[in-house]
Structures are given as structure tokens and as C-alpha cells.
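Engineer: Fold the following and give me the result.
(one chain, ligands or ions: 2)
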Amino acid sequence: MQIINIKDWGLGIHTDGSPLVISGPCSAETEQQVHQTYSALAKYPVHILRAGIWKPRTRPNSFEGVGSTGLQWIKQAGKMAGLPVCVEVANAQHVEEALQAGIDILWIGARTTVNPFAVQEIANALVGIDIPVMIKNPINPDLELWIGAIERLYQAGIRKLAAIHRGFSIFPKDEYRNSPQWNIPIELRRRIRGLEIIADPSHICGNRHMLKNVAQTALDLNFDGIMLESHCNPDEAWSDAKQQVTPAQLGNILAQLIKRQKTTNDPIFKRDLKRLREEIDAVDYQFLDLLRKRMEFVREIGDYKKENNVAILQIERWEEIYRTRMVKAPKMRVDIEFVEGLLQAIHKESIRQQTEILNKKIPIHQK
Ligand code: PEP
Ligand code: MN
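Structural biologist: Numbers count the residues shown, from 1 in each chain. Ligands and ions are numbered 1, 2, ... in the order given. Modelled structure (predicted):
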């Protein structure tokens, strides 16, 4: 994919080495609130201003946004602050109105990305139009759906694209409002090289006190920017009050963040890194070879089970494997749940291989 980077979107966005920051209220509420928030934000290293005017809420009877009247407030306040503005769009009508109002950037929300019909409708409305679009992840942890939405926009001719990672709805809930599941945006980075990804700690955390740590994790993981909701009077916000901060609090968080460099030219660091990576390469190959050996035994046992018409799952044996291996976990200095997941994955693959053997005429390793 030929994706255009944020700095080349033609909006005069220069970060001068600091992280790209998008901020502004969850929702535009009044003209004064938008002006007050944006003019205060302009004093801090903020590069793009945000506000929602059509709010897709989980439950009815919550504040659903001021609607298109808010577009001019956002545009005007952005102009006064000298910064580009972005709003969320969820259908073709929103796109048309946002374009007419001269909004600089559109974003697609998590509740829209889940729906290919809605994403396609937005993409169709954007054919032939040169505007940047940022695509939030779908609410459920489904990378394909996220990639699918990006592809729909790309196929409509949009090249100024970025992704926003706002966490995922999981059951049961963890300490986050939306669990970050960092492995998913990392996999997105691997799958679509060159696509910039912005983290949205506000919707990940759902509260103020975790914002800084999550924003720092995003920078540590080399995210290309952060989106943080801010409001001139956060406690009184009409939506997402708990997670919004004042522009001054935002400034504070930004000042505390440590920017990590992508890499360094220090020859000693480079030499040591290379050496350690070679060690890791060697361990990985040993590990894969051990896995190959283990699966050979698994298949041999599969043949015996087939010959003797014995069931694959022997719960006592699995229980024994689990118990004996798990006692080692605390000494390995890795997360116990990680070891558990690894054992489960190996066992699952072992069962899959034996199932294949028991259901085939020729044992697979003799083919
Ligand atoms: C928002 O950005 O205010 C919003 C509604 O976010 P999300 O789509 O991530 O829930
Ligand atoms: Mn919000």
C-alpha cells in the first residue's frame, strides 16, 4: 500500500521530534466550550484538534452529540488556534456535511469500523476526495475487520490514512475500559507496513489516572502519536467525563512523557544488540527444533492410538503435563499465564495432529 504519512498530509503538521498529539473534547457541547478548550490547548504541544458531534453511544438516552451545528464551532475555533481539526463520521451524510464545513481530517469510530456496510458507505462517499481519514480499531479484538476497513478506504482512493488504537471490548473486563491488547496493533504494523498508528489512551483507560502510563507504553512501543481527550471543565463533560483532563493537565502529562528514539547510532549499543540478537536467533532455532521433535513423538503416539482404537484426549495425562510443567513456571521469570497459554497451544496442536492421523488412512508422517 502507498500510504501518505501524517506530516505529508498538507496540513502543516510539524512535530519537531516530539510525539504527534491529537486532543480536544470527547464531544463538542457548546460553542464556548470548544473555543475555550482549543485556545487553551494551543499553548501546549498539540498538533491536531478533535471533537465529536455525532456520538454513537452504547445505550440510548445518553448525550448523542450536538449534530452538524457543531461543525462551524470546531472549524472556527481550530482556525483561531491555528491547528487542523478532525471529527468522527459514521455515514455518508456526516461525510458530506463535514466536507462542506471544511473539516481537515475525518475519523471512523470503533462502533462504525465493526460494520463493513457503514465503512463501505463512507468509502463510497469519499471517492475522488482528497482528505485524510483515521480509522479506529473495531470494538471487538478482530484485526481482519480493522484491516478490512482500512482497505475499503484505500480502494476508494484515500491515501492519507492512519489507524487509531483505542483498545478492545473483552469479557470478562480487565482494569481497562477497553483492553489494549497491544499485540493486535503490533500485528497491524507488520501487516500494513508504512501505516502510522496513533494510540488513544483515553478510550483505553476510561479514567484519568492511568493515562500517562498508557501513553508512555504507546511511546515505548513506537506508536506514531497519541490521542487524548481534553475539556475545559472535564468533570462536567456531557460524555466520557471520567477520562477527560483539562488542557493544563494534558500539558503536564505530555511534559512527563519520555520520547524513545527509534534506534541509535551508538556503535557499542549496536554491537551488543547484534550479539544478543544472535543468541536469541540460536535459542529460537533450538526451540523450533525441539517443537519439531515433540510433534514427531505426538504423531508416533497418534499411530499407536489409531492401531489400538484409543481416544486422543487422555485427560489424566493432560492433567499431569499441566501440573508438572506449571510448577516450573514461577522459576522461569515469565508470566505464569504465558506458560499456561504456551502449554495450551502445544496441547491443542498435538490434539490437532493426532486427530488428523486418526481420521486419515495413511499416517501423515509416513507420506
Ligand atoms: C471518541 O473518540 O470519542 C469515541 C467515540 O471513540 P470510540 O469510537 O473509540 O469509542
Ligand atoms: Mn470519547
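Engineer: Tell me the pLDDT of the closest residue to ligand 2 within the stretch 201-350 of the chain.
Structural biologist: In the stretch 201-350 of the chain, the residue found nearest to ligand 2 is residue 240; the distance is 3.8 Å by C-beta to the ion. Just so you know, the C-beta spots here come from the backbone N, C-alpha and C atoms, and that holds for glycine as well. Residue 240 carries a pLDDT value of 96.
Engineer: Give the other helices and strands that the helix ranked longest in the chain contacts.
Structural biologist: Counting residues, the longest helix found in the chain (DSSP state H) is helix 267-308. Helix 267-308 is packed against helix 336-358, with contacts defined by 3 or more C-beta pairs under 8 Å, 6 or more residues apart in numbering; DSSP states H and E.
Engineer: quick one: the helix it packs on to helix 267-308, angle?
Structural biologist: 40 degrees (axes from the mean of the first three to the mean of the last three C-alpha atoms, to 10 degrees).
Engineer: still on that earlier bit, what sits against the residue of the stretch 201-350 of the chain closest to ligand 2?
Structural biologist: 26-27, 202-203, 229 (C-beta atoms under 8 Å, 6 or more residues apart in numbering).
Engineer: Please indicate which of those are buried?
Structural biologist: Among these, those classed as buried by neighbour count (16 or more other C-beta atoms under 10 Å) are 26-27, 202-203, 229.
Engineer: Which of these fall within helices?
Structural biologist: Counting by DSSP H, these place 202-203 in helices.
Engineer: contacting residues around the residue of the stretch 201-350 of the chain found nearest ligand 1?
Structural biologist: Taking C-beta to the nearest ligand atom, ligand 1 has its nearest neighbour within the stretch 201-350 of the chain at residue 203, 4.4 Å off. Contact analysis of residue 203 by C-beta under 8 Å, 6+ apart lists 110, 166-167, 177-178, 229, 240, 243.
Engineer: Next, count neighbours for residue 211.
Structural biologist: Residues near residue 211, counting by other C-beta atoms under 10 Å, number 23.
Engineer: right, and it touches residue 242 too?
Structural biologist: No. Residue 211 is not in contact with residue 242 according to C-beta atoms under 8 Å; the separation is 11.0 Å.
Engineer: residue contacts, residue 125?
Structural biologist: Contacts of residue 125 (C-beta under 8 Å, 6+ apart): 92, 95-96.
Engineer: typo on my end, it should be residue 130
Structural biologist: Contacts of residue 130 by C-beta under 8 Å, 6+ apart are residue 160.
Engineer: Work out for me the element it sits within.
Structural biologist: Using DSSP states H and E, residue 130 maps to neither a helix nor a strand.
Engineer: Would you quantify the distance from it to residue 52?
Structural biologist: In this view, residue 130 and residue 52 are 23 Å apart by C-beta to C-beta, to the nearest Å.
Engineer: And the residue of the chain closest to ligand 2?
Structural biologist: residue 26 (3.2 Å).
Engineer: Next one: the residue of the stretch 201-350 of the chain closest to ligand 2 from residue 29, what distance?
Structural biologist: In terms of C-beta to C-beta, residue 240 sits 12 Å off from residue 29.
Engineer: what's the answer for residue 155, then?
Structural biologist: Taking C-beta to C-beta, one finds residue 155 at 36 Å from residue 29.
Engineer: Compare neighbour counts for those two and give me the winner.
Structural biologist: residue 29 (24 against 11).
Engineer: Apart from its neighbours in sequence, what residue is nearest residue 82?
Structural biologist: residue 42 (6.7 Å; C-beta to C-beta, 6 or more residues apart in numbering).
Engineer: you'd agree the one you found is up against residue 79?
Structural biologist: No. Shown here, residue 42 and residue 79 do not form a contact pair, counting by C-beta under 8 Å, at 11.1 Å.
Engineer: Those two: who's more crowded?
Structural biologist: Neighbour count, other C-beta under 10 Å: between residue 42 and residue 79, residue 42 has more, with 16 against 13.
Engineer: Report the contact partners of the more buried one.
Structural biologist: Contacts of residue 42 by C-beta under 8 Å, 6+ apart are 81-83.
Engineer: now swap in residue 224 and tell me
Structural biologist: Residue 224 is in contact with 6, 20, 162, 196-198, counting by C-beta under 8 Å, 6+ apart.
Engineer: Narrow the residues you listed to just the buried residues.
Structural biologist: 6, 20, 162, 196-198.
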